[in-house]
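*Asks:* Got a predicted model here, sequence first, then my questions.
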Amino acid sequence: MREVWSDIKEWEGMYQVSNLGNVKSLRYKRLEGNEHNLKPVIVNKNYVQVTLYRKGRRLRSTVHKLVLEAFDSVRKTGMECRHLNGNGLDNRLVNLKWGTPKENTADKVKHGVVARGSAFKHTKLKENEVWLIKKLIANNIPVKDIAKMFKVVSNTIGEIKSNRNWKWVKYP
């Protein structure tokens, strides 16, 4: 894929971002030309960030946001950047798309980036226990009795009953 560069909005003539997820500064003259790639920093173990400077003003921004805003469009209210392959370090334009928070979370679950269920380190329940809880709920066992059996608060059982938590665990 050919690398294409575009000005970063509100930083025109100073910084550019490429469709391959690279960011360069046009501000400093170097021996080899008048631009150089910025050194990205990895934040939260899964995203790439750069810092832009202008007249004492500093802007830290994730590279995926800069790529999408330069090549797609400015983010609409309520939209988030989605990494289509689940790799937050892959900031190529072909891997990025604006989407709703629900779509972004679905991507993360699909790619195993976000822990849910028993993969989440603080959970007290396992999938097979939730399946059993759903069976007990279907057999009209009181929520408080189920909570006692599994040593959790009634609210936890209520969240399962209302399908707000553990909705991917199906009971026939």
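*Replies:* Ah, there it is.
*Asks:* going forward, measure contacts and count neighbours with C-alpha atoms only.
*Replies:* Noted.
*Asks:* I'd like the mean pLDDT over stretch 67-81, please.
*Replies:* Average pLDDT, stretch 67-81: 89.
*Asks:* Can you tell me what sits against that stretch?
*Replies:* Residues outside stretch 67-81 that contact it (CA atoms under 8 Å, 6 or more residues apart in numbering) are 6-9, 17-19, 21, 64-65, 91-93, 96-101, 104.
*Asks:* and these, which are buried?
*Replies:* Neighbour counting by 16 or more other CA atoms under 10 Å classes 6-8, 17-19, 21, 64-65, 91-93, 96-99, 104 among those as buried.
*Asks:* quick check: domain ranges of the protein?
*Replies:* For the chain, automatic domain parsing gives the domain ranges 5-110, 117-161.
*Asks:* Please identify the most buried of these.
*Replies:* Each of the domains of the chain was scored by mean neighbour count; the highest is domain 5-110, a mean of 16, by mean count of other CA atoms under 10 Å.
*Asks:* Let's have the domains of the chain in JSON lines, adding distance to Trp168.
*Replies:* Shown next, in JSON lines, are the domains of the chain (distance: least, CA to CA, whole Å):
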{"stretch": "domain 5-110", "distance to Trp168": "11"}
{"stretch": "domain 117-161", "distance to Trp168": "9"}
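*Asks:* what's the closest of those domains to Lys167?
*Replies:* Lys167 lies closest to domain 117-161 among those, at 7.3 Å (CA to CA).
*Asks:* got the end-to-end distance for the closest one?
*Replies:* Terminal residues of domain 117-161 are spaced 15 Å apart (CA to CA, to the nearest Å).
*Asks:* just stretch 58-67 next, same as before
*Replies:* End-to-end distance for stretch 58-67: 19 Å, by CA to CA.
*Asks:* Also stretch 132-144?
*Replies:* 15 Å.
*Asks:* how far away is Ser18 from Trp5?
*Replies:* With CA to CA as the criterion, Ser18 and Trp5 are 4 Å apart.
*Asks:* Which one of the domains of the chain lies nearest to Pro172?
*Replies:* Between the domains of the chain, domain 117-161 lies closest to Pro172; by CA to CA that is 8.4 Å.
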